[in-house]
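K.L.:
how would this look folded up:
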Amino acid sequence: MANPVPSGLLDLATADLETARRLLVPGLYHNACYHAQQAAEKALKAVLLHEITTFPKTHDLSRLVDAIRVSQPAFPEYTLESAVLNEYSIDMRYEPEVLTDVDLEEAKAAISYAETILDHARQFVGESTPPQNTGP
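P.N.:
The predicted structure is shown next:
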């Protein structure tokens, strides 16, 4: 990634979240969860770029939150959200049994957690409204 900026990562996070919403169909819930995790990860990395101009090379949302809280102790811990979404970071890529292990309610919860993190990241970075959806 060449010189990412917070707003660019927030745009990518927004696109991942929209992808997750569109994948709320039977047989694709696992992919919805994966994209929800990606949205949260990119949102947290945008906060880090805004705050300290760098971020650790990790997919672990808890580590990203901890890095933010070093300089911003009031930033939410997102303990539950991180624990749930972290499960989708690697397992969704390499574990074929997850294809049938995720149901609609689990996917909706993952999306909701990602929405919460992304909304807070937008506020933190000073972008309170997402870009307009120009897709079909």
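
K.L.:
How far off centre is the helix or strand hosting Asn31?
P.N.:
Per DSSP states H and E: Asn31 is located in helix 29-52. Mean-position distance between helix 29-52 and its chain equals 2 Å (C-alpha atoms, centre = their mean, to the nearest Å).

K.L.:
what pLDDT does the most centrally placed residue in the chain get?
P.N.:
Centroid check for the chain by C-alpha atoms, centre = their mean gives Ala40 as the closest residue, at 1.3 Å. At Ala40, the pLDDT value in this model is 97.

K.L.:
okay, now Leu48: neighbour count?
P.N.:
Neighbour count of Leu48, defined by other C-beta atoms under 10 Å: 22. Where C-beta positions appear, they are placed from N, C-alpha and C, glycine not excepted.

K.L.:
Please name the nearest non-neighbouring residue to it.
P.N.:
Phe55 (3.9 Å; C-beta to C-beta, 6 or more residues apart in numbering).

K.L.:
Pull the contacting residues for that neighbour.
P.N.:
Neighbouring residues of Phe55 by C-beta atoms under 8 Å, 6 or more residues apart in numbering: Leu44, Lys45, Leu48, Leu49, Leu64, Ala67.

K.L.:
Ramachandran angles for Pro76?
P.N.:
phi -60, psi 150 (degrees, to the nearest 10).

K.L.:
That one reaches Ala121, doesn't it?
P.N.:
No - counting by C-beta atoms under 8 Å, Pro76 sits too far from Ala121 to count as a contact (10.5 Å).
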